[in-house]
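*Asks:* Could you look at this predicted model? Sequence included:
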Amino acid sequence: MTDLTDRQAEVLAYIHEFSNQEGLPPSIPEIQRHFGLASPRGVAKHLEALAAKGYMDIVPNLARGIRLTAFARQTPNQWALPILGRVAAGAPIGSAHEADDSVLVSRDLFRTRPDYLLRVKGDSMRDDGILDGDLVAIKQASTAENGQTVVARINGEITIKRLKLMRSGIRLMPRNPDYDPIDVPKDADFAIEGLYCGLVRRD
């Protein structure tokens, strides 16, 4: 949290403490009284700065409208990973670019720190234990070795497959015999977007 000023860090810590003790976030007047600020506008400026830095969302016109994000709730043993969209385990599909949620994950789950999560749609990676609805953890990368599971972009669409490098070109291998490999055309807009680090399965 080195991106916070001392006062912003103090406000965030107070919101954490209050929320843990009371089961709901503090109101602006309560924050104002706690820090002895002259006006509620001073509190609002701190909250707006914390929201801009990703530590909270603010619900307008709600007395207790502070919502701490997963990023704010992470601990030394956890990472907050954004969900950036969805990835096909089947035929390639389009992928969102903005995070629609964040999830706290244990650091013990991964050897390599992932940068983001993608929702899986389809079952072409079933035999590797990657199922429809899973969240796959991805390390951003532009290169990969033969045999690694990668997230790849083909003509603007995103898919997850095993990478097979051949003399004749690139082949993306499913892990389900019901699906055919994808041979990447030589003139395709193709890129490796990331390396598979593991998955998060939410009940």
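*Replies:* Thanks, I have it. Numbers count the residues shown, from 1 in each chain.

*Asks:* Next secondary structure after the helix or strand where residue 152 lies?
*Replies:* In this assignment (DSSP states H and E), residue 152 forms part of strand 149-154. Scanning forward in sequence from strand 149-154 by DSSP H and E, the next helix or strand is strand 157-166.

*Asks:* and that following strand, how far out from the chain's middle?
*Replies:* With CA atoms, centre = their mean, to the nearest Å as the basis, strand 157-166 stands 21 Å off its chain's centre.

*Asks:* quick check: angle from that strand to strand 149-154?
*Replies:* For the pair strand 157-166 and strand 149-154, the angle between their directions (axes from the mean of the first three to the mean of the last three CA atoms, to 10 degrees) equals 110 degrees.

*Asks:* ok, the strand holding residue 152: who's next to it in the sheet?
*Replies:* Using DSSP bridges, the strands paired with strand 149-154 are strand 157-166 (antiparallel), strand 190-200 (antiparallel).

*Asks:* Including mean neighbour count, could the ones you listed go into JSON lines?
*Replies:* Bear in mind the C-beta positions are built from the backbone N, C-alpha and C, glycine included. Output for the strands paired with strand 149-154, formatted as JSON lines (neighbours: other CB atoms under 10 Å):
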{"stretch": "strand 157-166", "mean neighbour count": "19"}
{"stretch": "strand 190-200", "mean neighbour count": "19"}
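
*Asks:* Please name whichever of those strands is nearest to residue 83.
*Replies:* Each of the strands paired with strand 149-154 was scored for nearness to residue 83 using CB to CB, and the closest is strand 190-200 (9.6 Å).
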